[in-house]
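# quick one: sequence plus predicted model below, questions after.
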Amino acid sequence: MKKTVLTYYDERMLSHEPTGWDAEHPEWSDAVKIMIAHQYPEASLETYAYPERPERLIAIVERLLADPVDGQCWRRPTPATRAQLERVHSAAHLAYIESLVGGSRWLAQDTTAVSPESVAAARLAAGAGVNAVEAVTAGEGPHAFCLVRPPGHHASADHAMGFCLYNNIAVAAGHARVALGYARVMIWDWDMHHGNGTQDIFYDQPGVLVVDSHCAAPFYPGTGSLAEAGAGAGRGYHLNVPLPRGSGNAALIDVFEQVVRPAARAYRPEIILISAGFDCHYLDQTCAMDETGFAALTQQMCALAHELCDDRLVMVLEGGYNAQALSDSAHAAIRGLAGNTISAVNALPTDEGRAAVAQAARFHAGTIAMLGAALGQRSSGAQPG
Ligand SMILES: [Zn+2]
């Protein structure tokens, strides 16, 4: 059945345009050169171009315009408010980001930089997720896709990192919890990099269940081991699935079948969010997925949202740096959200990731059982008498 896909996009997000190494910016110091050399050993400092660039969104939009998806419907986001950002970020972090307005700077943490319009773009990116969870809650459409940049999942409560200024999906999840009254929000972060910021923000909170599949440490950012399971009341609500390089479609489908779906059935989320990075695509040169895999994952997540939470499913773009791979994959995901199904998924002869997924599923089995038991206790506690 065809479904509406609310697609949030604003061309002002193209104005976030750090230019890479630039000799005219003396503040882009030797420390930045060292960071670039460390993270991109094969790049020359003079030719280094900021990988998170406007062409990423342009490629997706052009693809959607050239090959329209029936049911896809454009929406313009509104910037996130300070109150919305404050739910997941510290006052000091918000003041720091505000201080960057109008300037070109490399931030101290790593190879993250801003241009004069970056903060305005970041507010729109965070606002898109807020708009999307509100719209699916109001029944304006069952599914939404936020075509946003800068991405968000590396930004923690108190610092920017990994091209991320505000944590877009955390702002959306916080809004769903606090403003819209959802008791249980689930996030699957399938970006190739661990969503360390999202994990940090919700680490002690049982109201947000986070499943995160990613390339294992020491791959950037180096976090996301099986043992990082949450703390305090949030213990057991973080399920990391570290994968080897080279993982393909079959491994990610295994993540869905062996971890995401059983965890969701135990936890029973009221809305599902996806940190949808597409950098596991083989053209991004580390993993081996392709667009048929992303189509299958989306199709399965739609079925899960239909089973558990009245279809409410919101995807928020994270990484993906090859324009062809990104536009093919995002287009496939939006087609999936619109109710299109695929008949075949390309698979590797052997998929290095499958054994790692099986190991993670064994590791998490007890935790997933606990999620169901915890929900049962809360539900029975809520019964009268
Ligand atoms: Zn990524």
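Perfect, thanks for sending it.
# and the closest residue to Ala173 other than its chain neighbours, what pLDDT?
Distances taken as Cβ to Cβ, 6 or more residues apart in numbering place Val185 nearest to Ala173, at 4.8 Å, with adjacent residues excluded. Glycine gets a C-beta too; all of them are placed from N, C-alpha and C. pLDDT, the model's per-residue confidence, is 98 for Val185.
# give me the number of residues near Val185?
Using other Cβ atoms under 10 Å, Val185 is surrounded by 28 other residues.
# likewise for Leu180?
16.
# start to end distance for stretch 227-243?
According to Cα to Cα, to the nearest Å, stretch 227-243 extends 14 Å from its N-terminal end residue to its C-terminal end residue.
# if you count neighbours, what's buried in that stretch?
Taking 16 or more other Cβ atoms under 10 Å as the basis for neighbour counts, the residues of stretch 227-243 that come out buried are Glu228, Ala229, Gly230, Gly234, Gly236, Tyr237, His238, Leu239, Asn240, Val241, Pro242, Leu243.
# then stretch 345-356?
Of the residues in stretch 345-356, those scored as buried under the neighbour-count criterion (16+ other Cβ under 10 Å) are Val345, Ala347, Leu348, Asp351, Glu352, Gly353, Arg354, Ala356.
# show me what contacts the fifth one?
By Cβ atoms under 8 Å, 6 or more residues apart in numbering, the contact set of Glu352 is Pro244, Arg245, Gly246, Ser247, Gly248, Ala251.
# try the fourth one
By Cβ under 8 Å, 6+ apart, the contact set of Asp351 is Gly246, Ser247, Gly248, Asn249, Ala250, Ala251, Ala288.
# so which strand or helix has it?
When elements are defined using DSSP states H and E, Asp351 is found to belong to no helix and no strand.
# if I look at it, how far off is Arg362?
For Asp351, the distance to Arg362 (Cβ to Cβ, to the nearest Å) stands at 18 Å.
# same check, this time on Val5
Distance, Val5 to Arg362, using Cβ to Cβ: 36 Å.
# those two - which one has more neighbours?
Counting neighbours by other Cβ under 10 Å for Val5 and for Arg362 shows that Val5 has the greater number, 25 against 11.
# contacting residues for the more buried one?
Val69, Gly71, Gln72, Cys73, Gly141, His143, Ala144, Phe145, Ile334, Leu337, Ala338 are the contacts of Val5 under Cβ under 8 Å, 6+ apart.
# put the buried members of those into a PyMOL selection.
Applied in PyMOL, the following selects the buried portion of these according to 16+ other Cβ under 10 Å:
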select buried, resi 69+71+72+141+143+144+145+334+337+338
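# of the contacts of Val5, which belong to strands?
Using DSSP state E, the subset of these located in strands is Gln72, Cys73, His143, Ala144, Phe145.
# shouldn't the last one be in contact with Ala333?
Yes. Using Cβ atoms under 8 Å, Phe145 makes contact with Ala333 at a distance of 6.9 Å.
# now do the shared contacts for those two.
Ala276, Met315.
# so where do the helices sit in this protein?
Counting by DSSP state H, residue ranges of the helices within the chain are 30-39, 55-66, 82-86, 91-99, 118-137, 168-178, 196-202, 249-255, 261-267, 291-308, 323-337, 353-382.
# any idea which of those gets closest to His16?
Across the helices of the chain, His16 has its closest neighbour in helix 118-137 (3.7 Å, Cβ to Cβ).
# and that closest one, average pLDDT?
Model confidence over helix 118-137, given as mean pLDDT, is 98.
# again with stretch 202-213
Model confidence over stretch 202-213, given as mean pLDDT, is 98.
# surely Asn131 is in contact with Asp10?
No. The criterion here is Cβ under 8 Å, and Asn131 misses it with Asp10 at 10.5 Å.
# okay, and the common contacts of these two?
Pro77.
# of the helices of the chain, which stretch is the most buried?
Most buried of these, by mean neighbour count (mean count of other Cβ atoms under 10 Å): helix 168-178, with a mean of 28.
# and the contacts of that one?
Where contact means Cβ under 8 Å, 6+ apart, the residues beyond helix 168-178 that reach it are 80, 84-85, 87-88, 125-126, 128-130, 132-134, 137, 146, 148, 151-153, 155, 182-183, 185, 187, 189, 195, 197-198, 201-202, 207-208, 271, 273, 275, 314, 316, 318.
# with just CA atoms, put it into PDB.
Once side chains and other backbone atoms are set aside, the C-alpha atoms of helix 168-178 remain, and they are given as PDB (Å, rounded to 0.1, in the frame of the first residue of the first chain):
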ATOM      1  CA  ASN A 168      19.500  16.100  15.400                       C
ATOM      2  CA  ILE A 169      18.000  12.700  16.200                       C
ATOM      3  CA  ALA A 170      18.500  13.300  20.000                       C
ATOM      4  CA  VAL A 171      16.600  16.600  19.700                       C
ATOM      5  CA  ALA A 172      13.800  14.800  17.900                       C
ATOM      6  CA  ALA A 173      13.700  12.000  20.500                       C
ATOM      7  CA  GLY A 174      13.800  14.500  23.300                       C
ATOM      8  CA  HIS A 175      10.900  16.300  21.700                       C
ATOM      9  CA  ALA A 176       8.900  13.100  21.300                       C
ATOM     10  CA  ARG A 177       9.500  12.200  25.000                       C
ATOM     11  CA  VAL A 178       9.000  15.500  26.700                       C
END
